[in-house]
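Novice: Okay, sequence plus prediction incoming.
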2 protein chains.
Amino acid sequence: MTAVAGDRDGLIVLDHGAGGGMSRELVVDLIATGLGEVYVGEWQDSTLLAVEPGTIALTTDSFVVDPPFFGGGDIGKLAVTGTVNDLAVCGARPLYLTLAMIIEEGFPLADLATIVASVRACAEEAGVRIAAGDTKVVRKGEADRIFLNTAGIGVLDRPARPDSRAIVPGDQLIVTGYLGDHSIHLLSLRAGLGFESRVPSDCAVLSGVIGELLDAFGPDVHAMRDITRGGLGTVLNEFAADCGYGLHIDGGALPVRPETAMAADMLGVDVLYLANEGNLCLAVAPRAAAGVVDLLRRHRYTAQARVVGTVVTGGGVTGGGVLMDLPGGGRRDVELLYGAQLPRLC
Amino acid sequence: MTAVAGDRDGLIVLDHGAGGGMSRELVVDLIATGLGEVYVGEWQDSTLLAVEPGTIALTTDSFVVDPPFFGGGDIGKLAVTGTVNDLAVCGARPLYLTLAMIIEEGFPLADLATIVASVRACAEEAGVRIAAGDTKVVRKGEADRIFLNTAGIGVLDRPARPDSRAIVPGDQLIVTGYLGDHSIHLLSLRAGLGFESRVPSDCAVLSGVIGELLDAFGPDVHAMRDITRGGLGTVLNEFAADCGYGLHIDGGALPVRPETAMAADMLGVDVLYLANEGNLCLAVAPRAAAGVVDLLRRHRYTAQARVVGTVVTGGGVTGGGVLMDLPGGGRRDVELLYGAQLPRLC
């Protein structure tokens, strides 16, 4: 619980966003204090940071997940993992995040403190610092509870970095975790389907295992993406479009929980397009594939790592396209989805 | 107008945020194309940027202004100026912004294109590039039209930089524009008071004039803030708290439009705490004050620059406090406001 004043029920009021003493109290006593040594922001308009010469990676994401608390995480954890993972898959070492919040009037201060604690724990795990922040409060009904935004800065301090334009025929395609866990958990939670207790969100900080992987296999890791909004199907199509070769997927090799397959059937959604928040897709040189899978399997967040396909020229697969062998026989084109009505999963 | 598909009325639909082809179309064909050469993001998880060795400045702000279009600007202009100005007042040269949008289902695509065009024009004026972006769509009623977030990176490439801890007694306090223009414009617009046509928002890119000022007067500019949420009263209290000396303000010297004074009276708000979006408060060494005012007055955005007070020890002013002589005689303490019900001005 927090000692910051809200209304008599401990809820956020508009004055928390007005830039005066109540704003300062919320930001200093609840947010900055809650973040502890993870917060390195200055109380000026910008925070000054020393960076080594060279190349930095920059990314941003807003988070509007509904509901903001779920099994395996909350919007605070998601806001750190999402941005840290986006930096890490590009080969960058995540260093600093910004943290901006849009809070609906009436949001419980205690829930805000919980979210801040999640941000802190997750930032500590990832070894990043929160270097700047912003807090806005909007009237009741003008936002749904709480939205977060993080922007992230990382440094590129390895000689090689994954780049999907470097994918070549023969590369092995690897997936590291069960497909769709984050989506199925949230969809089940929202619809009360009962799967949410058996399929938690896979939301996880992947920068640690990615760092080890790149240190061990650097130039052989040709491409890496985290599977988020749009699912594996979208990542595969991006890989194919970027390199111009065909991707041939073994549908029977894909890691899918039985509960996820059942829930997806009930919901009428395709597992290939469901979002994860702690799952990677990689394209690696054939000589490194076994070693990469072995390293990934020794980490808890990537223990389901396996080869699920190959980069090809010909063999019935169009260049820039994705073809999947179905477990029961037959093949299917994995196309870029045009739209999908699964909002607010992240 | 834009050729991107929406619903039959040209409105944003949930599929624009689902991460598939419709998302890509919105992001590539409307947003990135609309930003033109200002957009330097890569279609990867992060964008890689070369930075010179040394110190960078980092900041972030969310923008929830209501309404998103107003006289003198819109939420897109505000999102660039706000972050660029925050970098510039710290002595940094703004280089890169991220741009994240949370859009309510049903928002007109044409309005989004207008906002993107504002971002572009404003980024061009400030000489910054948009290096990473994110777009989320939430259901009708889950957000009020559109919220933006920008995070900004600048480089510190000048030997001296303003720092409010460097303020010393004798420093002259300067304000560069009419107080409260942004607040009064928006409050009048929302309440239909009729002042909105005579008091436009002062939203402006100040990095150009700030750069010139620092090049000319570098170490004599002891402190600089842009006057935003919380108004001049908040900036003065921050200056006083940071340096520990008293601030003695000449209330009669403050630049206030007659319309603003009238509107503030009608609305029952205090001009000292109203927000600007293109107004600076500086503390400068006495020997530089006349030259600083002269330089500022030659620029259209800072043409109202004038000395409004002095940093003091004693003379009835408490260290860390702010005292103002009233035009009609008498004095008043300018205190840190605890809360103020003026939400969603930025």
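Specialist: Yep, that arrived.
Novice: Show me the shaky parts of the stretch 201-346 of chain A.
Specialist: A:339-343 (pLDDT under 70).
Novice: again, 80 this time
Specialist: A:338-345 (pLDDT under 80).
Novice: Going along the chain, name the strands of it.
Specialist: Ranges of strands in the stretch 201-346 of chain A, per DSSP state E, counting those that start in this stretch, are A:221-226, A:246-250, A:280-284, A:306-312, A:322-325, A:331-333.
Novice: which of those sits most buried?
Specialist: Burial of those is given as mean neighbour count (mean count of other CB atoms under 10 Å in any protein chain shown); strand A:280-284 ranks first at a mean of 27. Backbone N, C-alpha and C define where each C-beta goes, glycine included.
Novice: quick one: A:Leu109 from chain B, how far?
Specialist: A:Leu109 is 14 Å from chain B, where distance means CB to the nearest CB, to the nearest Å.
Novice: Count the residues that sit near that residue.
Specialist: By other CB atoms under 10 Å in any protein chain shown, 23 other residues sit near A:Leu109.
Novice: Got the phi and psi for it?
Specialist: phi -60, psi -30 (degrees, to the nearest 10).
Novice: Next, find the distance separating it from A:Lys77.
Specialist: As for A:Leu109, its distance to A:Lys77 is 19 Å (criterion: CB to CB, to the nearest Å).
Novice: swap in A:Gly208?
Specialist: 15 Å.
Novice: likewise A:Asp242?
Specialist: 30 Å.
Novice: if you count what's nearby, which of the two comes out ahead?
Specialist: In this view A:Asp242 and A:Lys77 are compared by other CB under 10 Å, and A:Lys77 has more residues nearby, 26 against 18.
Novice: Report the secondary structure element holding that one.
Specialist: helix A:75-88 (DSSP states H and E).
Novice: Show me what secondary structure element comes after that helix.
Specialist: For helix A:75-88, the succeeding helix or strand toward the C-terminus, using DSSP H and E, is strand A:93-104.
Novice: Could you list the paired strands of that following strand along with their orientation?
Specialist: Partner strands and pairing direction for strand A:93-104 (DSSP bridges) are strand A:129-138 (parallel), strand A:146-155 (antiparallel).
Novice: how about the residues of the stretch 151-300 of chain A that lie near chain B?
Specialist: With CB under 8 Å from any CB of the partner chain as the criterion, the stretch 151-300 of chain A meets chain B at residues A:151-154, A:156, A:163-164, A:225-226, A:228-231, A:234, A:238, A:273, A:275.
Novice: If you tally nearby residues, what's the number for A:Arg229?
Specialist: Neighbourhood size, A:Arg229 [other CB under 10 Å]: 26.
Novice: need the contact list for it.
Specialist: A:Ala275, A:Leu345, A:Cys346, B:Ala18, B:Gly19, B:Ser23 (CB atoms under 8 Å, 6 or more residues apart in numbering or on different chains).
Novice: So which of the residues you listed wins on neighbours?
Specialist: Most surrounded of the contacts of A:Arg229: other CB under 10 Å gives A:Ala275, at 28 neighbours.
Novice: Next, find the distance separating it from A:Lys77.
Specialist: 15 Å.
Novice: likewise A:Leu148?
Specialist: Following CB to CB, the distance that separates A:Leu148 from A:Lys77 is 10 Å.
Novice: Could you do A:Leu156 as well?
Specialist: 26 Å.
Novice: With A:Val292 instead?
Specialist: 26 Å.
Novice: can you check A:Val137 too?
Specialist: Look at A:Val137 and A:Lys77: by CB to CB, they are 22 Å apart.
Novice: go on, A:Ile227?
Specialist: Per CB to CB, A:Ile227 is found 17 Å from A:Lys77.
Novice: what's the answer for A:Phe69, then?
Specialist: A:Phe69 sits at a distance of 10 Å from A:Lys77 (criterion: CB to CB).
Novice: in the sheet, who's paired with A:Leu58?
Specialist: On the basis of DSSP bridges, A:Leu58 is bridged to A:Ile153, B:Thr47.
Novice: Actually, A:Arg129.
Specialist: Bridge pairing for A:Arg129 (DSSP bridges) gives the partners A:Tyr96.
Novice: Tell me, how many residues neighbour it?
Specialist: Neighbours around A:Arg129, by other CB under 10 Å: 19.
Novice: How about the contacts made by it?
Specialist: Per CB under 8 Å, 6+ apart, neighbours of A:Arg129: A:Val38, A:Tyr39, A:Val40, A:Leu95, A:Tyr96, A:Leu97, A:Ala123.
Novice: The nearest residue to A:Arg139 once chain neighbours are set aside: neighbour count?
Specialist: Excluding the flanking residues, the one nearest A:Arg139 by CB to CB, 6 or more residues apart in numbering or on different chains is A:Glu105, at 5.3 Å. By the criterion of other CB under 10 Å, A:Glu105 has 20 neighbours.
Novice: Now do the same contact list for A:Glu105.
Specialist: A:Leu11, A:Ile12, A:Val13, A:Leu14, A:Val137, A:Val138, A:Arg139, A:Lys140, A:Glu142.
Novice: any idea how far A:Ala143 is from it?
Specialist: From A:Glu105 over to A:Ala143 (counting by CB to CB), the distance is 9 Å.
Novice: Then A:Gly91?
Specialist: According to CB to CB, A:Gly91 and A:Ala143 sit 35 Å apart.
Novice: you'd agree A:Gly6 is up against A:Asp111?
Specialist: No - applying CB atoms under 8 Å, one finds A:Gly6 not in contact with A:Asp111, separated by 11.1 Å.
Novice: Buried residues in stretch A:141-152, which are they?
Specialist: Within stretch A:141-152, the residues scored as buried using 16 or more other CB atoms under 10 Å in any protein chain shown are A:Glu142, A:Ala143, A:Asp144, A:Arg145, A:Ile146, A:Phe147, A:Leu148, A:Asn149, A:Thr150, A:Ala151, A:Gly152.
Novice: same question, stretch A:231-249
Specialist: Here stretch A:231-249 shows A:231-240, A:242-243, A:245-249 as buried, counting by 16+ other CB under 10 Å.
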